[in-house]
Every structure is written in structure tokens, then in C-alpha cells.
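Participant: Test case, fold it:
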Amino acid sequence: MTIAPGERALLVASLPTGPQQPVTSTPARRPGSVRRTTAIEERWDDFGQPRRVRASGRDLVTAWDGSATVHDAASLSLVTDTAGNVAQLSTEPPEPALAEMAGVGVRSGFRAAAVALVPGHAERGSVLHQLLDDVPLAAIIATYGLTREHPEWNIPPEAAERLRDLCAGWADGATMIGTLDATGIFPIPEGPPAPSLASPDDPLAWHELAPMERRTVRRVRRLDLWRDAGALALEVYFRDSHLGPEGPEDVLHEYTVSARLSADELRIADVSAVAHTLPWPECPGALGSARRALGRTVDELPGLVREEFTGTSTCSHLNDVLRSTVAVRAMAAVLP
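Facilitator: Numbers count the residues shown, from 1 in each chain. A predicted model of the protein is given here:
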């Protein structure tokens with residue numbers, strides 16, 4: 001069907017939304033803690049054009065006296081060809097083996113290929129491993145920005161059927177799919193303006209982030225780990241945001257997950273999730289899925305999420321937050 005100018009925007013404005021309360025600050029670093037921050041951005045020009053990815057991250061150890069030391073840091077630059085396969089990939093620290101990634105699709109097979117080429121990074125949960133692991137989902141989310149620039153775009157029917165019941169937001173009969181079924185128009189949500197996460201009182205709260213470019217989607221992540229009454233406490237924060245050709249940066253997805261872990265096995269004794277910003281009212285229905293991680297170690301979570309966190313009781317983005325906790329193994333090794 002043909003979508004008239006402004007027709008989708010009017011439709012979306014009439015629909016209910018999920019929570020729209022973006023986080024406005026970053027908590028202070030605790031003495032005796034480790035903080036990992038990462039960011040990945042994907043920039044586009046148009047459908048069928050190469051995309052450019054840049055990513056960076058850092059592990060910062062804060063001693064009991066408040067002094068800070070960088071334990072690990074990495075960055076990544078990637079350019080795709082017009083088919084979405086790796087054309088150029090460079091990293092810091094350099095990893096010559098990753099030259100073999102040329103031609104690998106950034107959506108399918110990327111993670112497995114990267115682990116096979118630089119297994120040591122996966123084994124120790126390095127910052128570079130986290131950046132490589134984030135590439136596929138960044139590629140998927142970046143498509144959102146392109147659809148925002150093309151009011152005439154509509155999701156192909158076969159794609160909609162493939163994604164139906166993928167997660168809470170894509171549930172059959174829920175706001176997004178229900179609207180598509182009723183009107184023939186796929187609703188593309190717009191989030192609230194993105195408050196800055198910078199901490200004026202702590203220039204080390206985040207690693208250095210370059211200004212966000214126009215036509216970019218950015219995913220930032222913060223993991224804080226500290227000791228708490230004989231156990232370990234963990235907080236994971238996550239935000240996806242979009243900056244189009246004009247207008248302010250807006251928030252797409254935003255979660256905080258808090259957990260308590262055993263100090264010896266890194267086994268999850270308690271966990272809860274909070275949704276700050278999500279596009280549709282059904283999306284927060286997935287928050288309870290985080291409780292399925294109870295009793296599991298952080299090393300088990302990537303496999304558990306892949307095998308069992310599926311369907312309308314889950315959220316793809318919350319799943320990604322839970323997967324990222326595998327980094328806790330590396331962080332705990334340097335915890336004061």
C-alpha cells in the first residue's frame with residue numbers, strides 16, 4: 001500500500017506507548033568497585049549503502065581511597081559493503097587475526113566468527129569482546145533510523161510474519177502488530193529526548209565518547225560491580241538512542257538490571273529489571289523474565305538466554321542486557 005505523507009506520524013501519535021522516563025544522570029562510582037562502560041554507534045546513508053560502525057569501551061577500577069585505574073580499554077571501527085558484510089575492520093588493541101572477518105555478515109555469523117578468530121578475548125571477557133559481540137544488534141537497530149527517514153517505507157509482509165510473537169513488543173494482537181493488521185501501516189515509534197548521561201562532578205564516570213553524528217543509532221552500556229556484605233552487587237544500565245538528520249537525540253530502549261551474586265561462583269541470588277523507556281505498552285511485560293536467571297552463574301547466561309529466553313514473555317533488548325553480565329567474570333578478577 002502507499003502511505004501518504006504524514007499518515008504514519010498521525011497514526012503513531014494516536015497510539016499508547018510504553019514508559020517514557022529516560023534516565024537523567026549516572027550514579028557516582030563507589031570506592032572499591034569496577035565500572036565497565038561501552039558505546040557502539042552505527043551510521044547510515046540510505047538503504048543499500050555501506051554502513052559505518054565505531055565502538056569503544058573501558059574497564060575502570062576505583063580503589064578504596066577513590067583513586068582510579070584503567071584496567072582494560074578497546075575501540076573498533078568497521079565499514080560494511082552494500083550487502084551488509086564486513087569490508088573493513090580495525091581494532092585497538094590491534095588483532096591481525098580479525099582480518100579474516102572480511103566478507104562475514106554483520107547480522108548472521110558475526111559473533112561466532114569473531115570468537116573463533118580471537119578466542120582469548122571471549123575467554124577472559126575483555127572489553128574488545130564486548131564490542132565485537134554488540135555489532136549484530138547494532139546493525140539491526142540502525143535500520144530503525146533509516147525507516148524514520150522514509151515515510152513511504154512499510155515492513156514487507158513476510159518479515160512481519162517472521163517477527164510476529166518474537167517478543168513482548170511483537171506479540172500477536174499487541175499495539176505494534178495489531179496496528180499493522182488493522183491499518184496496513186507499520187507504526188514506527190519515536191522516543192523522548194535523550195538527557196545527557198555525563199556526570200559534571202566525575203569526568204571519569206564514562207570513557208570518552210565522541211559527539212554523536214547525525215544519522216546514527218548509539219547503544220551505551222554501564223556495568224558497576226562492588227562488594228556488598230560478603231556477596232557482589234551488580235548494576236547494568238543500557239540505552240539505545242537515535243539521532244536523525246535533524247532534531248534532538250531520542251531514546252528508543254532503556255533498562256536497568258540490578259543483581260546480587262555469590263562472590264565465589266558468581267551465581268545470581270537475586271535479580272530485578274526496571275524499564276525506563278520502551279516504545280510500546282506491552283514491552284514492560286517482559287521484565288519478569290529476568291527472574292529466570294536466578295540460580296545461574298554469569299557464565300551460563302549467554303547460553304541460557306539463547307536457548308530459553310524466547311517468545312512474548314521476553315524482550316530482545318533485555319535479553320541483551322542479561323547476556324552482557326558475562327563480563328562480570330573479568331570485572332570480578334580485578335575488584336579491589
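Participant: Looking at Ile140 now. What's its pLDDT?
Facilitator: Note for Ile140: predicted pLDDT of 84.
Participant: Pretty sure it sits against Gly105.
Facilitator: No - the pair Ile140 / Gly105 is not scored as a contact, 11.8 Å apart, by C-beta atoms under 8 Å. The C-beta positions use only the backbone N, C-alpha and C, and glycine is treated the same way.
Participant: Show me whatever sits in contact with both of those two.
Facilitator: Overlap of the contact sets of Ile140 and Gly105 (by C-beta atoms under 8 Å, 6 or more residues apart in numbering) is empty.
Participant: SS state for Ala9?
Facilitator: Classification of Ala9 by DSSP: H, G, I helix; E, B strand; the rest coil places it in helix.
Participant: what's the closest non-adjacent residue to Pro189?
Facilitator: Once flanking residues are discounted, Pro189 sits nearest to Pro279: 3.8 Å by C-beta to C-beta, 6 or more residues apart in numbering.
Participant: Do I have it right that the one you found meets Gly18?
Facilitator: Yes - contact criterion C-beta under 8 Å: Pro279 and Gly18 qualify, at 5.6 Å.
Participant: Which one of those two is surrounded by more residues?
Facilitator: Set Pro279 next to Gly18 and count neighbours by other C-beta atoms under 10 Å: Pro279 wins out with 24 against 21.
Participant: could you give me the average pLDDT of the helix or strand hosting Ala160?
Facilitator: Using DSSP states H and E, Ala160 sits in helix 157-163. Mean per-residue pLDDT for helix 157-163: 93.
Participant: what does the following helix or strand past it rub up against?
Facilitator: Counting by DSSP H and E, the next helix or strand C-terminal to helix 157-163 is helix 175-183. Residues outside helix 175-183 that contact it (C-beta under 8 Å, 6+ apart) are 11, 15-16, 155, 160, 164, 169-171, 185-187, 279-282.
Participant: mind redoing it with 7 Å?
Facilitator: Helix 175-183 is contacted from outside by 11, 15-16, 160, 164, 169-171, 186-187, 280-282, using C-beta atoms under 7 Å, 6 or more residues apart in numbering.
Participant: And for stretch 148-164?
Facilitator: The contact list for stretch 148-164, computed with C-beta under 7 Å, 6+ apart, reads 1, 3, 5, 8, 147, 170, 172, 177, 180, 185-186, 188, 244-245.
Participant: again, only using 8 Å
Facilitator: Contacts of stretch 148-164 from elsewhere in the structure, counted by C-beta under 8 Å, 6+ apart, are 1-3, 5-9, 46-47, 146-147, 170, 172, 177, 180, 184-186, 188, 190, 215, 242, 244-245.
Participant: three-state assignment of Ser241?
Facilitator: Applying three-state DSSP: Ser241 is strand.
Participant: Next up, the contacts around it.
Facilitator: Gly191, Ala194, Met212, Val217, Arg218, Val220, Glu249, Asp250, Val251, Leu252.
Participant: Would you mind putting those into JSON lines with pLDDT and secondary structure alongside?
Facilitator: What follows is the contacts of Ser241, written out as JSON lines (pLDDT from 0 to 100; DSSP: H, G, I helix; E, B strand; the rest coil):
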{"residue": "Gly191", "pLDDT": "95", "secondary structure": "coil"}
{"residue": "Ala194", "pLDDT": "98", "secondary structure": "coil"}
{"residue": "Met212", "pLDDT": "94", "secondary structure": "coil"}
{"residue": "Val217", "pLDDT": "95", "secondary structure": "strand"}
{"residue": "Arg218", "pLDDT": "96", "secondary structure": "strand"}
{"residue": "Val220", "pLDDT": "97", "secondary structure": "strand"}
{"residue": "Glu249", "pLDDT": "96", "secondary structure": "coil"}
{"residue": "Asp250", "pLDDT": "97", "secondary structure": "strand"}
{"residue": "Val251", "pLDDT": "97", "secondary structure": "strand"}
{"residue": "Leu252", "pLDDT": "96", "secondary structure": "strand"}
